[in-house]
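Peer 1: I'll drop the sequence and a predicted model, then ask my questions.
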Amino acid sequence: MSTLRSNDDSWDIATSVGSTAVLVAAARAAETERADRLIDDPHAKLLVSGAGAGVWDAMFDPSVSARLAEVDPEVATIYAHMGNYQAVRTHFFDAFFAAAVAASIRQVVILASGLDSRAYRIEWPTGTDVFEIDQPKVLDYKAETLAEHGVQPSATLHHVPVDLRFDWPAALTAAGFDQSKPTAWLAEGLLMYLPSEAQDRLFENVTALSAPGSRIAAETAGKHADDRREEMRKRFERISKELGIDKVMDIQNLTYNDPDRTNLAEWLNRLGWHATELKSQDEMRRLGRWVDVPMAQDDDAFSTFVTAEKP
């Protein structure tokens, strides 16, 4: 079980926020095996298999959905939604990078990269530099696991082993980042793990490091009523016990449900970017992956995909 976040906590691939990276990779692996897949991540299953047993194993068991529907149909619907959401999210940000390289951007920074395998699975143009920022143990696990299977990056990959709460701009520059070049930045699966003031500081730093023509893509943090969060926590815990699923994390303990969190698109526009936003539920509907979930009427409960360009 995970503990509550603190300002100086850290993790590897098996603990705290690191475990969520395995769960997301498992979702990508499961999506890759679908006949109607939206994404193709051939490396995701390798990264999951090396992480040991965990709740992510359920994503590869086709009987889990049926058993879950018998125990709690509402949670079964949420489970299906979560898998679809991860596929749509990955698909959206893959398209962001495709557009960025088409615009001749050759410098990429993935913030809190976790087990993101884009440096390996995307066919980057010659001369592309990809910088991955995350905890040292997370980056080491990914690089070592993929190397053991003969998987090599398709761009020039730079690891920046630093916590985003510390002086990551200095570490990024030391790793070879060129502030004079346009950059494509990604903050996927990150902002919900930051308090509001840390989110603001993050994008102030990104803005300071971004040359004209740079682009940003980010997933905002949805907002949930505390009583609803507690109800769902208890239900997931009960279901885990009934189905014999190893519950190794409580994601709600890892995130910051800040009701006063800054609207990211508005914040970026104030910083001089040209930002637009797209509701994730609208993108799920467009791609035929929407599932009606209990919180469907509450727009704030869903994340928004924000993209921006620095003129």
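Peer 2: Looks like it came in fine.

Peer 1: Over to Asp163: give its phi and psi.
Peer 2: phi -80, psi 130 (degrees, to the nearest 10).

Peer 1: Can you tell me how far it is from Lys137?
Peer 2: 11 Å (CB to CB, to the nearest Å). Every C-beta, even on glycine, is put in place using the N, C-alpha and C of the backbone.

Peer 1: Repeat that for Arg106.
Peer 2: 29 Å.

Peer 1: repeat for Ala217
Peer 2: 26 Å.

Peer 1: same question, Arg37
Peer 2: 30 Å.

Peer 1: list the contacts for Lys223?
Peer 2: When contacts are counted by CB atoms under 8 Å, 6 or more residues apart in numbering, Lys223 touches Asn257, Asp258, Pro259, Arg261, Asp300, Ala301.

Peer 1: Buried among those residues? Make that a PyMOL selection.
Peer 2: Buried subset of those, written as a PyMOL selection, criterion 16 or more other CB atoms under 10 Å:
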select buried, resi 258+261+301
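
Peer 1: and the contacts of Lys223, which of them are in strands?
Peer 2: Per DSSP state E, strands hold no members of these.

Peer 1: all strands for the stretch 201-311 of the chain, in order.
Peer 2: Per DSSP state E, counting those that start in this stretch, the stretch 201-311 of the chain carries strands over the ranges 215-219, 274-279, 304-309.

Peer 1: quick one, which of these is packed in tightest?
Peer 2: strand 215-219 (a mean of 24; mean count of other CB atoms under 10 Å).

Peer 1: Redo the strands of the stretch 201-311 of the chain as TSV? Include mean pLDDT and distance to Gly114.
Peer 2: Formatted as TSV, the strands of the stretch 201-311 of the chain follow (pLDDT from 0 to 100; distance: least, CB to CB, whole Å):
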stretch	mean pLDDT	distance to Gly114
strand 215-219	98	13
strand 274-279	97	22
strand 304-309	98	18
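
Peer 1: Throw the ones you listed into CSV and include distance to Ala184, thanks.
Peer 2: What follows is these, written out as CSV (distance: least, CB to CB, whole Å):
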stretch, distance to Ala184
strand 215-219, 5
strand 274-279, 15
strand 304-309, 10
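
Peer 1: of those strands, which approaches Gln179 most closely?
Peer 2: Ranking the strands of the stretch 201-311 of the chain by their distance to Gln179 (criterion: CB to CB) puts strand 215-219 first, at 15.1 Å.

Peer 1: elements contacting that closest one?
Peer 2: Where contact means 3 or more CB pairs under 8 Å, 6 or more residues apart in numbering; DSSP states H and E, strand 215-219 is packed against helix 73-102, strand 184-187, strand 304-309.

Peer 1: Low-confidence ranges, the chain, go.
Peer 2: 1-18, 52-62, 224-233, 235-236, 238-253, 295-297 (pLDDT under 70).

Peer 1: So the residue most central in space within it: helix, strand or coil?
Peer 2: A centroid search over the chain (CA atoms, centre = their mean) returns Gly189, at 2.6 Å, as the residue closest to the centre. Three-state assignment for Gly189 (DSSP: H, G, I helix; E, B strand; the rest coil): coil.

Peer 1: Please list all residues in contact with it.
Peer 2: If you count contacts by CB under 8 Å, 6+ apart, Gly189 has them with Thr20, Ala21, Val24, Arg89, Ala112, Gly114, Glu219.

Peer 1: which SS class is Ala119?
Peer 2: helix.

Peer 1: Count the residues that sit near it.
Peer 2: If you count neighbours by other CB atoms under 10 Å, Ala119 ends up with 27.

Peer 1: Correct me if wrong: it contacts Val130.
Peer 2: Yes. Using CB atoms under 8 Å, Ala119 makes contact with Val130 at a distance of 4.4 Å.

Peer 1: Mutual contacts of those two, please.
Peer 2: Ile110, Pro153, Ala155, Leu157.

Peer 1: right, and the pair among those residues with maximum separation?
Peer 2: Ile110 and Pro153 (12.0 Å).

Peer 1: Which residues are in contact with each of the two?
Peer 2: With CB under 8 Å, 6+ apart, Ile110 and Pro153 have common neighbours Ala119, Val130.

Peer 1: Settle it for me: which of those two has more neighbours?
Peer 2: Under the criterion of other CB under 10 Å, the comparison of Ile110 against Pro153 puts Ile110 first, with 23 against 20.

Peer 1: CA atoms only for whichever strand or helix holds the more buried one, dumped as PDB, please.
Peer 2: Assigning secondary structure by DSSP states H and E places Ile110 in strand 107-111. What follows is strand 107-111, C-alpha atoms only, in PDB (Å, rounded to 0.1, in the frame of the first residue of the first chain):
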ATOM      1  CA  GLN A 107      14.300  18.700 -29.700                       C
ATOM      2  CA  VAL A 108      11.800  16.900 -27.400                       C
ATOM      3  CA  VAL A 109      11.500  16.900 -23.600                       C
ATOM      4  CA  ILE A 110       9.300  14.400 -21.800                       C
ATOM      5  CA  LEU A 111       8.600  15.600 -18.300                       C
END
